[in-house]
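Novice: coords below, sequence missing:
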């Protein structure tokens, strides 16, 4: 019998986990990839599912299929519930356990409400496909309910859409919802004019897109306003409920609220008994291992990783992929007996955000773009990063159609709202 | 003030209702189209969503959008709950009411379990998008659970898929599930071989596709068997449960059961206080009016309509569309004072059914086809009947991709199973 090969267990098939598994190709290891979903989600485009531009299946791809040719990889649909560090096993929620030689935790993040979990039913966040179809349903239902609402004040609230958080997701949501109302839905109703919808982006800080240069933030604000959206700066939200959103001490009546303001890491820090930052991220050593546990790596949105200047590595797809690649190289080097792992160093490639279908901001460091050139760059970059020709063709078709006609193809209201929310109650 | 125009209220935006509204174009009427869903569903391809071939949004199109240019039509997202015939109002479930001059009831059908509603959690039917995503989830989960199931008997049950009912939907489901297992999923698992999955089509009658000529039924049975499916004839199902399907006095252990055996009309007969057949369909006069109520028409799967020879008009899309056109013509003739409505006469265009991606049976009366020519005819006919270039392009892309690569693009497990079922319990 052959000697058992080194077994790498990866929990989470997001950008970090999947990249790691790809980079382990050819290494003398067996890999088990555990995820509680059967699909890898291309999260940067999730807001497009929420706003009816893309179908769910265009940005969610079966993990098993992506890795079908890798006979060294076993894909497991299962929920991790803990880690037995002494016994070197990942514990599953069905009572089972998976032994590992090296463990990589890449379980991502959820949205967080800064101690106000009671806001969640009224202001859903956007992390999973179900989050996206929930937001899509609420958006479309608000227009449908407004069409039959006789009371002008309630109609106004139904046609008010508030997005909380001025990062790229918030900006992209606000721009697309404004376009949805003014372009896609215009002319389809008889009692209301969807173009009268108010789209309000609320950001507690002094500018939107704080990761960008101030002039790009200013451009993005102007581009949003040109689309008919309103940007509210400098006043943090102090309440979300059936009546609407409270900020600056005033309630803005709104039936639809979307949370794009904060994330918290998955409970991996608890599983590992590890030190975490305020957002629940595991504080890792410079080589991305759990301090004192060279056989455990923590990567992606689950990890608190600092740059040399003390700033935090951002929770974006390129950072997650770089960490995945770093850990794959570290595992290979270790098996080859090449000594200590090198510290991870994040290389910032640039920042991109779109505002509707004709404007975007791009900062690649050496070049900054706005407007249409930035939009096309954004579009091509995202098509490039999709996996597989089939999905590239489908997304390109969807985008070209929206670009040419303004019509979005995934305008579905599906599944009942089991989570309460304030559909039509505001 | 202008005299109020004749108000036609249509309940249900399926094939019959939508065709009726289209045909009323230019007539001197106001139309209100009520549906409890925001989308028209292209039901003949729903089984392709259930079997991961098409995305939900490829076959479900916003009704409001389809009718956006018809300023005489008001689309209403609402649930009808009854009809006040004396007051000439449709009653909505939110307590409201919509007055009508002419009412058309086109509320379709649901699947029916012939007095065994307790089978439904174990053997879901296929009528709505949610039905399709439920079946899709169960199909894919069965393979995932089999991958980790140590007990060979339970693994066998997890890899057994039973479809009850040998009509076109049952045949198409069986063929596609067999292909999914043998072609799409083959090679993606490590512990199981998906090609060992058993796909069993159970039909109580003596042959599948009873609406077709016997030689086409025989061909279809052979084509299914060539794909690796089993066809069980002549023994009605007497039980569905966590343990599997019982027919011929024997239990076939199966974790996934799909019901394609029977339908029952929507509760419209109750609303109307009308005489119904055993399947709940309203018995209509030859001109499709409710007997004694010339201002009420009942069409599509909700109506029991007899041909001249006493046979029943089938519950298929072409029959529904013909009825919609007939009623539109009747309303226009009546408003023009052209006397009594003529009786509806169903013209049978033909029967089509596919078996996987390379075979089909087609009977157009004057010509019968099998194999690839029938498959291509089936494909082009369905692309033709889709509404809008956007959806035609998307579906054509999806099909060509499956045809060329065997890969299906909508392999998503989404939403938890709130309805019990026997996921992994069998």
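Specialist: Nice, thanks for sending it over. Values in this document were obtained by computation on a predicted structure and should not be read as measured data.

Novice: make it CA atoms for all contacts and neighbour counts henceforth
Specialist: Will do.

Novice: Between its first and last residues, how far does stretch A:107-125 reach?
Specialist: This stretch, stretch A:107-125, spans 17 Å end to end (Cα to Cα, to the nearest Å).

Novice: Buried residues of that stretch, list them for me.
Specialist: By 16 or more other Cα atoms under 10 Å in any protein chain shown, the buried positions in stretch A:107-125 come out as A:107-113, A:119-125.

Novice: likewise stretch A:224-237?
Specialist: So, applying 16+ other Cα under 10 Å, buried residues of stretch A:224-237: A:224, A:225, A:227, A:228, A:229, A:230, A:231, A:232, A:233, A:236, A:237.

Novice: In terms of pLDDT, where does the fourth one sit?
Specialist: It refers to residue A:228. pLDDT for residue A:228: 95.

Novice: What's the separation between whatever residue of the stretch 151-300 of chain A ends up closest to chain B and residue A:330?
Specialist: Going by Cα to the nearest Cα, chain B is nearest to residue A:188 of the stretch 151-300 of chain A, at 4.8 Å. Noted for residue A:188: a distance of 57 Å to residue A:330, by Cα to Cα.

Novice: quick check, the residue of the stretch 151-300 of chain A closest to chain B in a helix?
Specialist: No. If the criterion is DSSP: H, G, I helix; E, B strand; the rest coil, then residue A:188 is coil and not within a helix.

Novice: closest to residue B:359 among the buried residues of stretch A:224-237?
Specialist: Set against residue B:359, the nearest of the buried residues of stretch A:224-237 by Cα to Cα is residue A:227 (50.5 Å).

Novice: residues contacting the closest one?
Specialist: Listed by Cα atoms under 8 Å, 6 or more residues apart in numbering or on different chains, the contact partners of residue A:227 are A:175, A:178, A:179, A:356.

Novice: So which of the residues you listed wins on neighbours?
Specialist: residue A:178 (29 neighbours; other Cα atoms under 10 Å in any protein chain shown).

Novice: thought it was touching residue A:225?
Specialist: No. With contact defined as Cα atoms under 8 Å, residue A:178 does not count as touching residue A:225 (9.5 Å).

Novice: Now do the shared contacts for the two.
Specialist: Contacts common to residue A:178 and residue A:225, judged by Cα under 8 Å, 6+ apart, are absent.

Novice: before we move on, the earlier item: okay, and which of the buried residues of stretch A:107-125 map to strands?
Specialist: A:109, A:110, A:111 (DSSP state E).

Novice: Tabulate those residues in a markdown table, adding columns for pLDDT.
Specialist: Supplementary listing: those in a markdown table, determined by pLDDT from 0 to 100:
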| residue | pLDDT |
| --- | --- |
| A:109 | 91 |
| A:110 | 89 |
| A:111 | 86 |
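
Novice: Switch those over to a markdown table; also include distance to chain B.
Specialist: As requested, these are arranged in a markdown table below (distance: Cα to the nearest Cα, whole Å):
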| residue | distance to chain B |
| --- | --- |
| A:109 | 19 |
| A:110 | 17 |
| A:111 | 19 |
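
Novice: Near chain B, which residues of chain A are found?
Specialist: A:37-39, A:55-58, A:60-62, A:64-65, A:67-69, A:71, A:74-77, A:129-130, A:144, A:187-190, A:390, A:394, A:397, A:401, A:409-415 (Cα under 8 Å from any Cα of the partner chain).
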